[in-house]
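Enquirer: Take a look and give me a structure for this.
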Amino acid sequence: MLDRLNKALEHVEEDPGRPVDVAAMARTALTSEHHLRRMFAALAGMPLSEYVRRRRLTLAGAEVLEGRRTLLDIAVGYGYSSAEAFNRAFRAVHGITPGQARRTGATLVSQSRLAFHLTIEGSTTMRYRILDKDAFSLVGLGTRIPNVAAATTAPTPEGMERLEVPAGTWAVFPFERVEFPRGLQNLWRAVYTEWFPAHPAYRTAPGPALVAVEHEEEPDLGSGHVWLLVDKQAPVPG
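Expert: Prediction:
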């Protein structure tokens with residue numbers, strides 16, 4: 001899986017003036033766009049779109065300092081419709097405008113090309129189960145972070161929101177009395193860096209990712225389950 005993901009990342013380096021074709025990347029990785037984005041974010045610690053932006057502005061920054069092309073030509077060459085749009089994006093990554101960078105020869109930020117490798121660290125085990133579940137509803141307080149909700153069939157109370165969760169297959173990962181939230185964050189990363197590569201028949205399916213956390217006496221400990229919608233993909237030819 002990681003070899004195919006590295007092959008897919010080569011698309012980022014192709015023709016910096018055109019948007020990256022994420023569908024083509026997914027085909028190269030032999031997976032879905034949804035799973036590709038989720039896997040990349042878990043492995044790289046940033047969204048795929050952010051990596052593309054940083055990588056291309058790294059290349060643009062090198063051309064700005066080189067001084068061979070005009071700033072407008074560089075902007076157009078990297079897919080920006082105007083010098084103003086290029087200036088804003090350049091400043092967001094490098095902290096200064098292209099003109100300032102060229103005049104002063106400033107030190108710029110560099111995003112190296114990413115390549116993923118499998119590292120074996122001891123004989124750890126990860127518990128999980130696969131189950132099919134009918135569609136259900138979650139009702140709770142609608143907000144980005146945290147999400148507080150409960151499964152219910154009752155009418156939605158005033159001031160709360162209802163999330164309809166489709167029927168599907170779930171991969172469920174329990175965690176018990178782990179340091180919270182660091183232990184939960186480590187589990188999320190392990191799911192994508194260890195479990196999915198070890199179980200290539202599965203990939204994430206579009207839909208919500210759920211975390212059910214149980215009350216613990218110690219406030220810095222947490223127990224519960226991570227629920228991920230998954231589907232089975234066809235076996236990859238050897």
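Enquirer: I figured residue 42 was touching residue 193, is that so?
Expert: Yes: counting by C-beta atoms under 8 Å, residue 42 touches residue 193, with 6.7 Å between them. For glycine as for every other residue, the C-beta is placed from the backbone atoms N, C-alpha and C.
Enquirer: got the buried residues for the lengthiest helix in the chain?
Expert: Secondary structure of the chain per DSSP state H: the longest helix is helix 48-66. Of the residues in helix 48-66, those buried by neighbour count under the rule 16 or more other C-beta atoms under 10 Å are 48, 51-61, 63-64.
Enquirer: Residue 217: which of those residues is nearest?
Expert: residue 48 (40.3 Å; C-beta to C-beta).
Enquirer: where does the closest one land on pLDDT?
Expert: Residue 48 carries a pLDDT value of 95.
Enquirer: again, but for the one 5 residues further on
Expert: Per-residue confidence for residue 53 comes out at a pLDDT of 94.
Enquirer: on contacts alone, who are the packing partners of the longest helix of the chain?
Expert: helix 33-44, helix 71-77, helix 83-94, helix 98-104 (3 or more C-beta pairs under 8 Å, 6 or more residues apart in numbering; DSSP states H and E).
Enquirer: which of the ones you listed sits most buried?
Expert: The highest mean neighbour count among those, using mean count of other C-beta atoms under 10 Å, belongs to helix 33-44: a mean of 19.
Enquirer: tell me which strands and helices that one is in contact with?
Expert: With contacts taken as 3+ C-beta pairs under 8 Å, 6+ apart, helix 33-44 sits against helix 2-9, helix 22-29, helix 48-66, strand 202-214.
Enquirer: so where's this structure shaky on pLDDT?
Expert: 1, 118-124, 142-154, 234-238 (pLDDT under 70).
Enquirer: what separates the residue nearest the centre of it from residue 219, distance-wise?
Expert: Note on the chain: the residue nearest the mean C-alpha position is residue 41, at 2.3 Å, using C-alpha atoms, centre = their mean. As for residue 41, its distance to residue 219 is 28 Å (criterion: C-beta to C-beta, to the nearest Å).
Enquirer: swap in residue 20?
Expert: 43 Å.
Enquirer: Which one of these two is surrounded by more residues?
Expert: Per other C-beta atoms under 10 Å, whichever of residue 20 and residue 219 has more neighbours is residue 20, with 22 against 8.
Enquirer: Is it correct that that one is in contact with residue 51?
Expert: No: with contacts counted by C-beta under 8 Å, residue 20 stays clear of residue 51, the gap being 9.6 Å.
Enquirer: Please enumerate the shared neighbours of those two.
Expert: residue 12 (C-beta atoms under 8 Å, 6 or more residues apart in numbering).
Enquirer: burial measure for residue 203, as a count.
Expert: Residues near residue 203, counting by other C-beta under 10 Å: 23.
Enquirer: do the same with residue 109
Expert: 11.
Enquirer: on that earlier part again, out of the helices and strands packed on helix 48-66, nearest to residue 133?
Expert: helix 33-44 (18.9 Å).
Enquirer: Done for today, thanks.
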